[in-house]
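Chemist: Need a 3D model of the sequence below.
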Amino acid sequence: MLSVGEPDFDTPGFIKQACWEALKAGHTKYTIPAGIPELREAAAEKFRKDGIETTPGQVIVTPGGKFACGAAIAALCGPGDEVLLPVPYWGSHLHMIRASGATPVPVRTFPENNFELTPEDLEKQVTPRTRLVILCSPSNPTGAVCRRQALETLAESAVRKNFMILSDEVYEKLTYDPDSPHISIASLSPQANEHTITVNSFSKSYAMTGWRVGFLTAPKWLSAKIGAIQTHFVANVTTFAQYGALKALRDGDGECERMRRIFASRRDLICDLLARIPGIRFTRPSGAFYVFPDVSAFGLSSVDFCSRLMEEAHIAAAPGIGFGAEGFLRISYACSEETIRQAINGLAKFCTSPGMGA
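Modeler: Next up is the predicted model:
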């Protein structure tokens, strides 16, 4: 199973214990819709450590990073607005834009440029109707980590042309190369911060996917709108889950680092194995837990490739067309090294079988 973007680790025990203690203490009632004060303060402190100036009042604790993205888009965009969406994209971003009534504007990016928007892309695609640009770094699906120069170019354009940036940073703790660190675009300058919604989550870095707790910070005027959407659509994130999330922020760095090191080892392994398969090309990912290989040399659509891979080799991968990028696959290495070895060896046999010449 290489198709699922979910850590194979269990939630660390001390986080589960904090949740259990909250249940025993009777933390089972409604909270303030934006989240318990202690968690908003801890999230604001985390953002400030990352160079993003904010206050607890600007932080919204959300039911997962996905809802944070959706609520931000809905609060900001509507009919007549355009949203630039770099391709490959995370599919939910596309559907969130459409649900808001805004028009998605896909902008193709390329492996040779680290899947980043270029100055030429921004000059060509940004119009007076551009309301928002989506940034996902580290990237789902490519694993690319956006470089400082590309972030500075995007931030400068946002300030100059007055559009907002939605920075989806749920994989920010999962980077593996010293020369490709995660940088929050809102940390570049006060002006960039005023044009950015920064979204984060506990799901990936703390192995808490089922807990459904995310958080964001935004300029005060926009945070208030996002908070209103959450109030009337959700009320609040599950109360006792918030106490588990609080423990994760306060004491979870060691577990995050332990899991990051394991993911780094898996990244190295899967890239080494993929590099041996004729016909497969890929850019080595620097973050998240995905590889996004180009399989166009085999002459199949990404759906047909994945269907045959499942039928003939019993290996699940995600077709690139679901991310707007035909001819690619998304492969997850959020699984054991044994699973990786078995799956990539099976992929190699599939790719070199009769009728699959590249």
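Chemist: residue contacts, the residue lying closest to A186 once chain neighbours are set aside?
Modeler: Spatial nearest neighbour of A186, chain neighbours left out: T196 (4.0 Å); criterion: CB to CB, 6 or more residues apart in numbering. Heads up, the C-betas are built off the backbone N, CA and C, glycines and all. Applying CB atoms under 8 Å, 6 or more residues apart in numbering to T196 gives the contacts A155, A158, M164, I165, L166, S167, I185, A186, A218.
Chemist: Could you identify the longest helix within this protein?
Modeler: Secondary structure assigned by DSSP state H gives helix 253-274 as the longest helix of the chain.
Chemist: circling back to that earlier point, weed out the non-buried ones from the contacts of T196.
Modeler: Listed as buried from these are A155, A158, M164, I165, L166, S167, I185, A186, A218; burial here means 16 or more other CB atoms under 10 Å.
Chemist: I'd like a version of those residues in a markdown table, one that adds distance to V126 as further columns.
Modeler: Output for the buried ones among the contacts of T196, formatted as a markdown table (distance: CB to CB, whole Å):
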| residue | distance to V126 |
| --- | --- |
| A155 | 13 |
| A158 | 9 |
| M164 | 12 |
| I165 | 12 |
| L166 | 15 |
| S167 | 17 |
| I185 | 16 |
| A186 | 19 |
| A218 | 20 |
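Chemist: got a markdown table for those, with distance to P285 and secondary structure too?
Modeler: Below are those laid out as a markdown table (distance: CB to CB, whole Å; DSSP: H, G, I helix; E, B strand; the rest coil):
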| residue | distance to P285 | secondary structure |
| --- | --- | --- |
| A155 | 23 | helix |
| A158 | 26 | helix |
| M164 | 27 | strand |
| I165 | 22 | strand |
| L166 | 22 | strand |
| S167 | 19 | strand |
| I185 | 19 | helix |
| A186 | 23 | helix |
| A218 | 28 | coil |
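Chemist: if I look at the residue positioned nearest the centre of the chain, how far off is Y206?
Modeler: Closest residue to the average C-alpha location of the chain: V170 at 4.7 Å, with CA atoms, centre = their mean. Separation of V170 from Y206 (CB to CB, to the nearest Å) stands at 11 Å.
Chemist: burial measure for E38, as a count.
Modeler: Other residues within reach of E38, judged by other CB atoms under 10 Å, total 14.
Chemist: residue contacts, it?
Modeler: The contact partners of E38, by CB under 8 Å, 6+ apart, come to L246.
Chemist: so it, which of the three states?
Modeler: helix (DSSP: H, G, I helix; E, B strand; the rest coil).
Chemist: shouldn't the residue nearest to the centre of the chain be in contact with G64?
Modeler: No: counting by CB atoms under 8 Å, V170 does not reach G64; the two are 9.1 Å apart.
Chemist: what touches both of those two?
Modeler: What both V170 and G64 touch, as defined by CB under 8 Å, 6+ apart, is the set S201, S203, G214.
Chemist: Among those, find the one with the greatest number of neighbours, please.
Modeler: Highest neighbour count within those: S201, with 28 neighbours (other CB under 10 Å).
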